[in-house]
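Participant: Sequence first, then the predicted structure, then my questions.
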Amino acid sequence: MGWAGKYIETLQLGTSVKFRPRGNSMSGKIESGQHVSVAPIGTYKLAVGDIVLCKVNGIQYLHLIKAISGDGVQIGNNKGRINGWTLRRNIFGVVTEISF
């Protein structure tokens, strides 16, 4: 289980989560240690620019949606790096609030 495993399990049960992600890959949108609230994906209509909790090639990320094509979703950070494409079923939650 990766860093977000317990959050993903909770989201899959239909419950929102709050946590403080660490790292600088999302600087400018989420600073290291800021509080984020993440809601279950449910029937949420994904859009480019959404920040999502997801898996890409088995790795967990709290990153941006960069592109959508059919059921495919391209994920990347806020520094220009693209993590790759994943399927919508590998997106577990969407950030609804960012605070200190």
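Facilitator: Sure thing, it's come through.
Participant: Walking through the protein, point out its strands one by one.
Facilitator: Using DSSP state E, the strands of the chain run over 17-19, 35-40, 51-56, 59-69, 72-76, 82-87, 91-99.
Participant: Remind me what the fourth one packs against, helices and strands.
Facilitator: Right, strand 59-69. When contacts are defined as 3 or more C-beta pairs under 8 Å, 6 or more residues apart in numbering; DSSP states H and E, strand 59-69 packs onto strand 51-56, strand 72-76, strand 82-87. (Glycine included, C-beta is placed from N, CA and C.)
Participant: Run through the neighbouring helices and strands of the last one.
Facilitator: In other words, strand 82-87. Using 3+ C-beta pairs under 8 Å, 6+ apart: strand 82-87 touches strand 51-56, strand 59-69, strand 72-76.
Participant: Determine which of these approaches Asn24 most closely.
Facilitator: Among the helices and strands packed on strand 82-87, strand 59-69 comes nearest to Asn24, with 12.4 Å by C-beta to C-beta.
Participant: And that closest one, what's buried?
Facilitator: Going by neighbour count (16 or more other C-beta atoms under 10 Å), the buried part of strand 59-69 is Gln60, Tyr61, Leu62, His63, Leu64, Ile65, Lys66, Ile68.
Participant: Please produce a markdown table containing these, extended by distance to Glu97 and pLDDT.
Facilitator: Shown next, in a markdown table, are the buried residues of strand 59-69 (distance: C-beta to C-beta, whole Å; pLDDT from 0 to 100):
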| residue | distance to Glu97 | pLDDT |
| --- | --- | --- |
| Gln60 | 20 | 97 |
| Tyr61 | 19 | 97 |
| Leu62 | 13 | 98 |
| His63 | 17 | 98 |
| Leu64 | 16 | 98 |
| Ile65 | 17 | 98 |
| Lys66 | 22 | 98 |
| Ile68 | 23 | 98 |
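Participant: Just put the helices and strands packed on strand 82-87 in a markdown table and tack on distance to Leu11.
Facilitator: Formatted as a markdown table, the helices and strands packed on strand 82-87 follow (distance: least, C-beta to C-beta, whole Å):
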| stretch | distance to Leu11 |
| --- | --- |
| strand 51-56 | 7 |
| strand 59-69 | 12 |
| strand 72-76 | 16 |
